[in-house]
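Chemist: quick one, fold the following:
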Amino acid sequence: MMYDRSPVLPFDHQDTNVTLSYDSEHVKKLQQFLSKLNEQAKLNVIKNQQRYKQRYDINRSNPSYNIGDLVLMKTLNIRYKFDIRYEGPFRIIQTITPKTFIVQHVKKPTLYLFINRTTTERTLIKVNNIITNSKLFTLDTESTSILHQPNKPSLIQIQIIQSEYSSIILIVEVCHLPSPDQPPFTLIKILFDLLFQPDKKIYIWGEIDELIKFTRYQLFTSNQIYLFRNINVQTKFKNYWSDTYPHQSTSSSNGTSTCKCMTCFGILHDNLLALQDAVAFELHRWIDKRLTRQPFDIGLDPSLQHLNDKQMEYRQSLCNYAANDCDAIYQLIINTNIINEQDPDNTTSSITPTNYELEITTDDNDQINNQESPLPSINTSTNEPEHKQLSQEEKKKIHNRSCTIKQRRRYYQHEIIIKNIDKRFKIREIKDILRHKNISFFAVNISTSSTANKRKLYIGIRDPSKLSSYKIQTEGLFTRNHYEAFRREK
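Modeler: Presented below is the predicted three-dimensional model:
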């Protein structure tokens, strides 16, 4: 059967000549027909769009927001189906345009901001203004371990305490600074000039000398480090512990001591106290220190380089670790009232809070545009001011830690310290040498200096009456010459 031809059945007579009709207007008619189909399709699309907009306007009227309203923000770059689609709540603190607002996080007031070569001049000027108007800070540093070399200074964390419930943490990536001849580098130097002033109080855990190794980056000098009032929270907390928890001879029904003094926890008055131990004891929180030897010089800010999901997640964990140390010091000085004890005239209630300017622009489809954010590198951290109840596993870790401290105190109550030992000596070899010389010991431990990368040997002696003779026996041991002789004998 063919178009425009009468059908021919198998039993019909077949003509030898076949004629087909031809329409000269066929192409024109076909084009007109397709054009009509195209126009109808366009009208149908426009009609469906209008109907969709009508339904959209009925279900969602044009929203109006006022200062003080709580809002949620859509999460950008959702990777998985069950990822959290909204973040918040945020409180609107300022209206710029009918669709542009400045908001502040309600439950996570601690924010952190990267300072590196990608930080804009506008952001640095805002940060410098915040530092100028603030008086209280916490400070911590992180270094990267390098085999057979001194540790490489990598991060300076500065927490600006705005009020008792809000703060901002600056993560200065000293390995990714702008060129010294660029204006942002000068603004970063001004940042430290403003910070290291006599009217500023900076709380640290340990000695301020750890900043000396950062002077190589030319952001500040060694003389500036000693201009401001630095308060060693490590010493303050030990005094607080001794005054708050004196020794008690009472014990529980199962025979274990319930005393909370430092001696019963195995901490001597001349020993240093680890930050995680203080946080576990006072705040009942567990600080994970497994990342302490990770490479902090790789560039934590996502704007420094293109990263995949796994790299982003790893750098986020390093950021949280660095920020948690600063926040732990902050929580300790608040919880133990050290912040008021140092200066009665400067309490947390007298601090004027400063809002964090996070500019959010929304369009009709509720999409978030953060291209014009005054602080584009700010990220909400995972720090929360509420103290969570410890789980059984976390309590077990703290208990094991306390038992380890007590055992260590007993082992090293009478000890011999040998400085600058050869790096090639192993613990097993050191123990064999001590046994060969009939030196009775509990334990042996080696520590490496974070600045000079020098090793120090600690030997816990069993018999204190032989301590003097053992010191004479160990003179000249474990040096470079001793190692060479030791290898030749083997």
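
Chemist: point out where the stretch 201-350 of the chain drops to low pLDDT.
Modeler: 250-258, 265-272, 339-350 (pLDDT under 70).

Chemist: repeat that with 50
Modeler: In the prediction, the stretch 201-350 of the chain carries residues with pLDDT under 50 at positions 342-350.

Chemist: what ranges does it have for its helices?
Modeler: Counting by DSSP state H, counting those that start in this stretch, the segments of the stretch 201-350 of the chain that form helices are 222-225, 233-244, 275-282, 309-335, 338-342.

Chemist: mind putting those helices in CSV, distance to His436 and mean neighbour count included?
Modeler: All C-beta atoms are positioned from the backbone trio N, CA, C, and that covers glycine. Compiled in CSV, the helices of the stretch 201-350 of the chain are given as follows (distance: least, CB to CB, whole Å; neighbours: other CB atoms under 10 Å):
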stretch, distance to His436, mean neighbour count
helix 222-225, 46, 14
helix 233-244, 39, 17
helix 275-282, 36, 20
helix 309-335, 43, 19
helix 338-342, 50, 17
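
Chemist: quick one, which of those helices is nearest to Phe90?
Modeler: Of all these, it is helix 309-335 that lies closest to Phe90, at 19.6 Å by CB to CB.

Chemist: which helix or which strand is home to Ser447?
Modeler: Taking DSSP states H and E as the criterion, the element that holds Ser447 is strand 441-448.

Chemist: which strands and helices sit next to that strand?
Modeler: The helices and strands touching strand 441-448, judged by 3 or more CB pairs under 8 Å, 6 or more residues apart in numbering; DSSP states H and E, are helix 392-411, helix 427-436, strand 455-461.

Chemist: nearest to Asn223, out of those?
Modeler: Using CB to CB as the measure, strand 455-461 is the one of the helices and strands packed on strand 441-448 that comes nearest Asn223, at 29.2 Å.

Chemist: pull the CA atoms of the next helix or strand after the closest one into PDB?
Modeler: On the C-terminal side of strand 455-461, the closest following helix or strand by DSSP H and E is helix 467-473. Extracted in PDB, the C-alpha atoms of helix 467-473 (Å, rounded to 0.1, in the frame of the first residue of the first chain):
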ATOM      1  CA  LEU A 467      70.400   6.900  92.500                       C
ATOM      2  CA  SER A 468      73.700   8.700  92.900                       C
ATOM      3  CA  SER A 469      75.800   5.600  91.900                       C
ATOM      4  CA  TYR A 470      73.600   5.000  88.900                       C
ATOM      5  CA  LYS A 471      74.100   8.600  87.800                       C
ATOM      6  CA  ILE A 472      77.900   8.100  87.800                       C
ATOM      7  CA  GLN A 473      77.500   4.800  85.900                       C
END
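
Chemist: which other residues reach helix 467-473?
Modeler: With CB atoms under 8 Å, 6 or more residues apart in numbering as the contact definition, helix 467-473 has outside contacts at His414, Ile416, Lys437, Ile439, Ile459, Ile461.

Chemist: list the buried residues of it.
Modeler: The neighbour-count criterion (16 or more other CB atoms under 10 Å) identifies Tyr470 as the buried residues of helix 467-473.

Chemist: could you point out the longest helix of the protein?
Modeler: Longest helix of the chain, by residue count under DSSP state H: helix 26-59.

Chemist: tell me the mean pLDDT over it?
Modeler: Helix 26-59 shows a mean pLDDT of 90.

Chemist: just give me how far that helix sits from the chain centre.
Modeler: 54 Å (CA atoms, centre = their mean, to the nearest Å).

Chemist: so Lys289 makes contact with Asp277?
Modeler: No - in this structure Lys289 lies outside contact range of Asp277 using CB atoms under 8 Å: 10.5 Å.

Chemist: who touches both of the two?
Modeler: Shared contacts of Lys289 and Asp277, defined by CB under 8 Å, 6+ apart, are not found at any residue.

Chemist: the longest helix of the chain packs against which elements?
Modeler: Checked by 3+ CB pairs under 8 Å, 6+ apart, helix 26-59 has no helix or strand packed alongside it.

Chemist: pull out the buried residues from whichever helix or strand comes after that helix.
Modeler: Counting by DSSP H and E, the element after helix 26-59 in chain order, helix or strand, is strand 70-74. The neighbour-count check on strand 70-74 (16+ other CB under 10 Å) flags Val71, Met73 as buried.

Chemist: run the chain-centre distance for the next helix or strand after strand 70-74.
Modeler: Sequence order places strand 86-97 as the next helix or strand after strand 70-74, per DSSP H and E. When C-alpha coordinates are averaged (CA atoms, centre = their mean), strand 86-97 and its chain have centres 24 Å apart.

Chemist: give the pairing partners of strand 86-97; include direction for each.
Modeler: When pairs are called by DSSP bridges, strand 86-97 turns out to pair with strand 70-74 (antiparallel), strand 100-105 (antiparallel).

Chemist: so what strands line up beside the strand holding Ser447?
Modeler: Its sheet considered, strand 441-448 pairs with strand 455-461 (antiparallel) by DSSP bridges.

Chemist: what does the strand it pairs with contact?
Modeler: Outside strand 455-461, the residues within contact range by CB under 8 Å, 6+ apart are 411-423, 430, 434, 439-449, 467, 470, 474, 478.

Chemist: which of those residues count as buried?
Modeler: When neighbours are counted using 16+ other CB under 10 Å, the contacts of strand 455-461 contain these buried positions: 411-412, 414-416, 418, 421-422, 430, 434, 439, 441-444, 446, 470, 474, 478.

Chemist: show me the domain layout of this structure.
Modeler: Here the domain parsing of the chain from automatic domain parsing is 25-61, 72-392, 412-489.

Chemist: between the two ends of the longest one, how far is it?
Modeler: Its start and end residues considered, domain 72-392 measures 34 Å (CA to CA, to the nearest Å).

Chemist: how far off centre is it?
Modeler: Centroid displacement of domain 72-392 relative to its chain, using CA atoms, centre = their mean, is 8 Å.

Chemist: quick check, nearest of the contacts of helix 467-473 to Tyr483?
Modeler: For the contacts of helix 467-473, the residue nearest Tyr483 by CB to CB is Lys437; the value is 15.8 Å.

Chemist: what residues are up against that closest one?
Modeler: Taking CB under 8 Å, 6+ apart as the contact definition, Lys437 lies against Gln473, Thr474.

Chemist: and the contacts of the strand holding Ser447?
Modeler: Here strand 441-448 has contacts from 408, 410-412, 421, 427, 430-431, 434, 454-462, using CB under 8 Å, 6+ apart.

Chemist: all set now, cheers.
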